[in-house]
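Visitor: this is the structure alone, sequence omitted:
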């Protein structure tokens, strides 16, 4: 009887040890998974809105939408379809008129971004855009602001910020007596920021992640003497 119990205990010990090892491995995998997920969430929270480095974008992707639009116009006949020399000379005025029509239609086609140009702004000789009113419209994209050199009169102003990029951006203005910040907003959204500005020079930027270092900043000059006035 004693030998039977000893034999049973001898067979049960490896089975129990195997179950304990399997349980320990499962617990370790769960803990490792939780730690990895927490680390990934922390990294995303530290660097929101930062795109993956994908290298240079192809010209067809990076070009302005207006430059990719096909401009309709008359189709010139192919060389193989041209008639004899006499008929060719007779049709020359029609071809010249067709070419002139194509050139005129191309010159009158404006880029898509031109439709968003605020009417209250006027470009000065030094590259600054002067805003006569109290509303300053700025478009944000990767990685620039348009316009990024602005001149405006002192007083209360409202920044109208359009995110025309592919990633989230925010806006910060810092200068004499003012440090105002607009929370980040998603692509396609518009944010507003009100501030009272006194005469002086201010820095405008997108401080989100490394956007400022990559070129998303500009200069705002507040003066009662605008160049165009």
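Guide: Noted; the coordinates are in hand. Here the structure is a predicted model, which is why all the values come from computation and not from measurement. Numbering: from 1, shown residues only.
Visitor: how is the protein divided into domains?
Guide: With domains defined by automatic domain parsing, the chain comprises 1-46, 70-108, 116-222.
Visitor: out of those domains, which gets the lowest mean score?
Guide: Among the domains of the chain, domain 70-108 has the lowest mean pLDDT, at a mean of 52.
Visitor: what segments of this structure are strands?
Guide: Secondary structure of the chain (DSSP state E): strands located at 121-123, 129-131, 135-141, 144-146, 149-152, 155-163, 169-175, 178-185, 190-197, 200-205, 217-222.
Visitor: enumerate the positions of the third one that are buried.
Guide: In other words, strand 135-141. Residues 136, 137, 138, 139, 140, 141 are the ones in strand 135-141 that count as buried (16 or more other C-beta atoms under 10 Å). From N, CA and C alone the C-beta is placed, and that goes for glycine too.
Visitor: and of these, the nearest to residue 153?
Guide: Using C-beta to C-beta, residue 136 comes nearest to residue 153 of those, at 10.9 Å.
Visitor: thought that closest one was touching residue 159?
Guide: Yes. When contacts are counted by C-beta atoms under 8 Å, residue 136 is listed as touching residue 159 (5.1 Å).
Visitor: of the buried residues of strand 135-141, which is the nearest to residue 176?
Guide: Of all these, residue 176 sits closest to residue 136, with 16.7 Å by C-beta to C-beta.
Visitor: OK, contacts around that closest one?
Guide: Counting by C-beta atoms under 8 Å, 6 or more residues apart in numbering, residue 136 makes contact with 150, 152, 157, 158, 159, 160, 220.
Visitor: got it, and residue 224?
Guide: By C-beta under 8 Å, 6+ apart, residue 224 lies in contact with 153, 154, 199.
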